[in-house]
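K.L.:
Requesting a structural model of the entry that follows:
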Amino acid sequence: MTLEPKNGETALQNWMFARLPADIFESLSKRQKQALHEAVTGTAEGPPVNIRLSIPFWSRRFYITVLSGVEKRSGDRRRHERARYPLRTVANFFFAIGFAVAFYAIALVALALFSSVLEV
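P.N.:
Here you go, the predicted structure:
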């Protein structure tokens, strides 16, 4: 079965269909598969600022994602996500402290380098 959406990816290449059990996938009609495929691979624009970093840290990797743009979520969805992903957590606190320490360390190194350059 090959359904061709706007971006050229076939339904069989769709990650969602690949995860469905074969009997469930086969029980869907062609129209249902097309509708699900278009819903998952829709052409909605992403945020204008989309920064994704993967940082190696000894034997593990950590990621940082920064998204920014005009808010399009409904009030109900924002309340639900605020309850599900609270800002005030221990991990977020330590991340903020670590970020501040790294920022000020870089600023101090830069200040030391530039002050020594100006004295010469």
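K.L.:
Mind splitting the protein into its structural domains?
P.N.:
Split into domains by automatic domain parsing, the chain comes to 1-44, 49-119.
K.L.:
Mind putting those domains into TSV with mean neighbour count and mean pLDDT?
P.N.:
C-beta: built from backbone N, CA, C; applies to glycine. Compiled in TSV, these are given as follows (neighbours: other C-beta atoms under 10 Å; pLDDT from 0 to 100):
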stretch	mean neighbour count	mean pLDDT
domain 1-44	12	73
domain 49-119	9	91
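K.L.:
Can you tell me the closest non-neighbouring residue to N14?
P.N.:
H37 (5.5 Å; C-beta to C-beta, 6 or more residues apart in numbering).
K.L.:
Just confirm the one you found is within a helix.
P.N.:
Yes: looking at H37 with DSSP: H, G, I helix; E, B strand; the rest coil, it is inside a helix.
K.L.:
What strand or helix carries I24?
P.N.:
helix 22-27 (DSSP states H and E).
K.L.:
Show residues contacting that helix.
P.N.:
17, 33 (C-beta atoms under 8 Å, 6 or more residues apart in numbering).
K.L.:
Kindly recompute the last result at 7 Å.
P.N.:
F17 (C-beta atoms under 7 Å, 6 or more residues apart in numbering).
K.L.:
For the protein, just list every one of the strands.
P.N.:
For the chain, the strands defined by DSSP state E occupy 49-57, 60-68.
K.L.:
Tell me the gap between the last one and the middle of its chain.
P.N.:
Centroid displacement of strand 60-68 relative to its chain, using C-alpha atoms, centre = their mean, to the nearest Å, is 7 Å.
K.L.:
That concludes my questions; thank you for your assistance.
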